[in-house]
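Asker: Sequence and predicted structure are below.
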Amino acid sequence: QSTQALNYCVDTNWLPYEGLQDNRHVGMSRDYLDLISQYSGLEFNLITTQSWVESLQQLQNGNCHVTPFLNQTVQRSTFLDFSQVIFKAPNVIITHSEGTPIPNLAMIKTEKVGVVKGYRQHEHINKYYPDVPIYEVPTEQAGIRLLAAGDIDVMVGSMHTIMEHIQKNGLSELRITGWIGLDDELRVGVIKEYSHLVPAIDQAIDQISAQQHNDIYRRWNNVKIIKEVDVWLTAKIAGPILVLLIFLLIRHAITVRYRNRIEEKNRALESLQSALKKKNDRLHYLSTHDPLTDLYNRVQITAEAEEHIKRKKRGINECSLVFIDIDDFKHLNDYYGHNVGDAVLEQFAALLKRCARETDIIGRWGGDEFVVLCPGALSSEAERFALRLQKELDQAQFAQNAMVSCSIGLSEVSADDSIDLWLERADNAMYQAKSAGKHCIRAQ
Ligand SMILES: Nc1nc2c(ncn2[C@@H]2O[C@H](COP(=O)(O)OP(=O)(O)OP(=O)(O)O)[C@@H](O)[C@H]2O)c(=O)[nH]1
């Protein structure tokens, strides 16, 4: 093993084979050179250049002693000796997917073919296809872009590096359509002055295992770039969908918020409506009922009586009116007090309800006066009710054991009646009862 240090140059832009990134040597040739150094003991110092053409010049003028990954050509053999082949891959033809696919260089007539300046495909085409019009490009990447832009018709290059450029630049419109009849057979090139080192390099290459070859290939030809392109494409498709989704989510959230608010307001409105209905019902009740006894008031009794006069006029049915006045109520009030008077009025109303039929209409006319309308009843039937009432009253027990009696006037509705006349007759009858000593019944 030798410990000799050698300067080396590389192609600056030929990934995944090799390239310079931040003036550091990267790519497959970097891994191979490390293994060769490890197995041969040779040391390699990178001389940075701006391009492959400059690297070739440095090799020609002796500043660079070695280049790790290049094809052997007649011209290059004039100043370099070559190791055995380290890596092999086809050189391919690339066209635009919309153009005619070109499987080999013999098919080319007038198409402009891009070839990287200084690459050995130049020598190959000149030698075997002298009529093909060559268009020199500075790098494979530049050539690929010119092809995508339609400035050249065909590009030739190394399969792996070309694929890397296509994927990296997202140029999915380009296709590999053929083979130029040439393979990359990449070797270490050593300038003539150091050609005695070639056997040591060959021995080192022999020691590189199949597994190590595989690992290097995989490391530099993985699908990382494709994944990046996929991510970009996915973002392009998913971006608008995401924006739309966010818009729909925001709209949904706003709609839900407003719907909740409206529902809240509706609930408040419903509760207000229900409270209003209760109040209206209460108002209606108060306008038709007496609050102390819960019986109909004078207004409602009058309306009901008028209805029965109309029915009588139409000959539908009879109706009798029972006018009731509690006897000596003033005295009861004076003796027991107004509260007891109220209690007696309530108890009297309850007694009326008990004695009356379900169809009878009972009301408080005012003060200690009550009216019962007995639909369908003739005066005689109304009298039976009045007698039942007097009897119940005699047996009833009132607050403070107060003695309560009443005078009752009856009148049957006639077809000529007005409400005043009908009431007047009943009232007169009641006064007759009073005049007769109270606690009795009279009819008119
Ligand atoms: N406690 C109470 N007393 C009332 C109410 N409304 C009227 N009164 C009283 O009832 C009494 C009615 O008396 P009057 O109509 O003068 O006659 P009376 O004492 O019953 O005598 P007669 O009718 O001749 O039997 C009055 O003193 C009224 O003040 C009431 O809601 N509660």
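Answerer: That came through fine. Because the structure is a prediction, the values reported are computed rather than measured.
Asker: hey, let's count contacts and neighbours off CA atoms from now on
Answerer: Noted.
Asker: Angles on the backbone of residue 40, please.
Answerer: The phi/psi pair for residue 40 (degrees, to the nearest 10) reads phi -110, psi -20.
Asker: Confirm for me that it is in contact with residue 204.
Answerer: Yes: between residue 40 and residue 204 there is a contact at 5.5 Å, judged by C-alpha atoms under 8 Å.
Asker: can I see the domain layout of this protein?
Answerer: For the chain, automatic domain parsing gives the domain ranges 5-222, 298-443.
Asker: how about the helices of the chain, start to end?
Answerer: Along the chain, the stretches classed as helices by DSSP state H are 28-40, 52-60, 120-128, 140-149, 159-168, 198-207, 210-220, 224-288, 298-313, 329-336, 338-355, 379-395, 419-435.
Asker: For residue 125, which non-adjacent residue is spatially closest?
Answerer: Closest residue in space to residue 125, ignoring its immediate chain neighbours: residue 132 at 7.3 Å, by C-alpha to C-alpha, 6 or more residues apart in numbering.
Asker: In the stretch 151-300 of the chain, which residue sits nearest the ligand?
Answerer: Ranked by C-alpha to the nearest ligand atom, the top residue of the stretch 151-300 of the chain for proximity to the ligand is residue 292, at 7.4 Å.
Asker: Based on its surroundings, how many neighbours for that residue?
Answerer: 12 (other C-alpha atoms under 10 Å).
Asker: Residue 213 - how many residues pack around it?
Answerer: By other C-alpha under 10 Å, the residues close to residue 213 number 15.
Asker: If you could redo that for residue 248, that was the one I meant.
Answerer: By other C-alpha under 10 Å, neighbour count at residue 248 equals 12.
Asker: Relative to residue 240, how far out is it?
Answerer: Separation of residue 248 from residue 240 (C-alpha to C-alpha, to the nearest Å): 12 Å.
Asker: Contact residues of the stretch 251-400 of the chain facing the ligand?
Answerer: 326-331, 333, 338-339, 341-342, 367-368 (C-alpha under 6 Å from any ligand atom).
Asker: Name only those of those that count as buried.
Answerer: The neighbour count (16 or more other C-alpha atoms under 10 Å) marks 326-327, 329, 341-342, 368 as buried among those.
Asker: Make a markdown table out of those residues and add pLDDT.
Answerer: Compiled in a markdown table, those are given as follows (pLDDT from 0 to 100):
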| residue | pLDDT |
| --- | --- |
| 326 | 98 |
| 327 | 97 |
| 329 | 96 |
| 341 | 96 |
| 342 | 97 |
| 368 | 97 |
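Asker: What is the most widely separated pair among these?
Answerer: 327 and 342 (14.7 Å; C-alpha to C-alpha).
Asker: tell me the two of the residues of the stretch 251-400 of the chain next to the ligand that are most distant?
Answerer: 327 and 339, at 17.4 Å, using C-alpha to C-alpha across these.
Asker: got a pLDDT number for the residue minimising distance to the centre of the chain?
Answerer: Residue closest to the average C-alpha location in the chain (C-alpha atoms, centre = their mean): residue 249, at 3.5 Å. pLDDT for residue 249: 91.
Asker: so what's it up against?
Answerer: Going by C-alpha atoms under 8 Å, 6 or more residues apart in numbering, residue 249 touches no other residue.
Asker: The nearest residue to residue 120 once chain neighbours are set aside and the ligand: what is the separation?
Answerer: In this structure, residue 120 finds its nearest non-sequential neighbour in residue 73, 6.6 Å apart by C-alpha to C-alpha, 6+ apart. Here residue 73 is placed at a distance of 133 Å from the ligand (C-alpha to the nearest ligand atom, to the nearest Å).
Asker: ditto for residue 25
Answerer: When residue 25 is compared with the ligand (using C-alpha to the nearest ligand atom), they lie 116 Å apart.
Asker: That residue contacts residue 19, correct?
Answerer: Yes: look at residue 25 against residue 19 with C-alpha under 8 Å: they come within range, at 6.0 Å.
Asker: okay, and the common contacts of these two?
Answerer: Residues touching both residue 25 and residue 19 (C-alpha under 8 Å, 6+ apart) are residue 10.
Asker: shaky segments in this structure?
Answerer: Within the chain, the segments meeting pLDDT under 70 span 1-4, 222-231.
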